[in-house]
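In: for reference, the sequence and a predicted model appear below.
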Amino acid sequence: METPPSQAPEHIKRVTVYASSSNALAASYYDAAARLGAVLGRAGLDIVYGGGGVGLMRAMADQALAAGAHVHGVIPHFLNTVEHGHKSLSRLEVVADMRERKQRMMADSHAVISLPGGSGTFEELLEALTLKRLGLFTGPVVLVNTNGYFDRFVGFLQHSVRERFMSEQHLLMWSVVQEPEGVLEAMHSAYAWSSDAREFAAVRA
């Protein structure tokens, strides 16, 4: 059995991580989030995430920081009372609203990784996929499928392809890994994407 890579592809230096702020999850979700942070930190990647000091966000960020990563959090000022901005980050950027948060999290990022989350995580992830569909973002998008969490989400996207709202090529926009240790390999094996994707963004007969 081959040893998984310990480094990301050379062109990937900064990754965006989406994750839940819930403190009411099964322990396995926090364990996977912490392991992801350690994997990314040991790989020497810069990380940008939602800036929260609770839930999966904190578990990921704490272990990434412990592994030596530069971790940049982006949080709207009004969410400091809900997600409690992490106090020990390399940088915590406070922005005006959710739209600015999403834009700042994607700026200059080379890959997107999503841990399980609720509606906010789904919104962020779907925006990343939409930008990729339009060729405005071309990096890997990797879902960490802890406890099969994303099975139905991926199934719905596949249903969208079957019903011709997206094309078969759009199934190549994301990768799914069952364990966080598979994220770096998923980046290496991600289908090469380019701005030419906008040529088939619309499904035609």
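Out: Sure, I can see it.
In: beta partners of the most centrally placed residue in the chain?
Out: Nearest to the mean C-alpha position of the chain, counting by Cα atoms, centre = their mean, stands Ile113 at 2.3 Å. For Ile113, the beta-bridge partners are Val17, Val142 (DSSP bridges).
In: so who does it touch?
Out: Contact analysis of Ile113 by Cβ atoms under 8 Å, 6 or more residues apart in numbering lists Val15, Thr16, Val17, Tyr18, Leu36, Leu40, Val141, Val142, Leu143, Val144, Val183. Every C-beta, even on glycine, is put in place using the N, C-alpha and C of the backbone.
In: one more pass at 7 Å, please.
Out: Val15, Val17, Leu36, Val142, Val144, Val183 (Cβ atoms under 7 Å, 6 or more residues apart in numbering).
In: and if you look at Val154?
Out: So Val154 contacts Val176 (Cβ under 7 Å, 6+ apart).
In: can you verify it is assigned to a helix?
Out: Yes. If the criterion is DSSP: H, G, I helix; E, B strand; the rest coil, then Val154 is within a helix.
In: for Phe78, see how far away it is.
Out: 32 Å (Cβ to Cβ, to the nearest Å).
In: just to revisit the earlier point, which one of the contacts of Ile113 is nearest Glu100?
Out: Checking the contacts of Ile113 against Glu100 by Cβ to Cβ gives Val17 as the nearest, at 17.9 Å.
In: okay, now that closest one: neighbour count?
Out: 30 (other Cβ atoms under 10 Å).
In: assess the claim that Asn145 and Val176 are in contact.
Out: Yes. Counting by Cβ atoms under 7 Å, Val176 is a contact partner of Asn145 at 5.1 Å.
In: any idea how far the nearest residue to Ser175 once chain neighbours are set aside is from Tyr29?
Out: Counting by Cβ to Cβ, 6 or more residues apart in numbering, the nearest residue to Ser175 once its immediate chain neighbours are dropped is Ala186, at 4.1 Å. Separation of Ala186 from Tyr29 (Cβ to Cβ): 19 Å.
In: mind listing the strands for this structure?
Out: Along the chain, counting by DSSP state E, strands occupy 14-18, 46-49, 71-76, 91-95, 111-114, 141-144, 175-177.
In: now these in CSV, with mean pLDDT and distance to Gly85?
Out: CSV is the format used below for those (pLDDT from 0 to 100; distance: least, Cβ to Cβ, whole Å):
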stretch, mean pLDDT, distance to Gly85
strand 14-18, 98, 16
strand 46-49, 98, 11
strand 71-76, 97, 5
strand 91-95, 96, 5
strand 111-114, 98, 21
strand 141-144, 98, 23
strand 175-177, 98, 29
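In: and Asp196, which of these is closest to it?
Out: strand 141-144 (17.3 Å).
In: and the closest one, what does it pack against?
Out: Strand 141-144 sits against strand 111-114, helix 119-133, strand 175-177, helix 183-189, with contacts defined as 3 or more Cβ pairs under 7 Å, 6 or more residues apart in numbering; DSSP states H and E.
In: mind running it again at 10 Å?
Out: strand 14-18, helix 27-42, strand 111-114, helix 119-133, helix 151-162, strand 175-177, helix 183-189 (3 or more Cβ pairs under 10 Å, 6 or more residues apart in numbering; DSSP states H and E).
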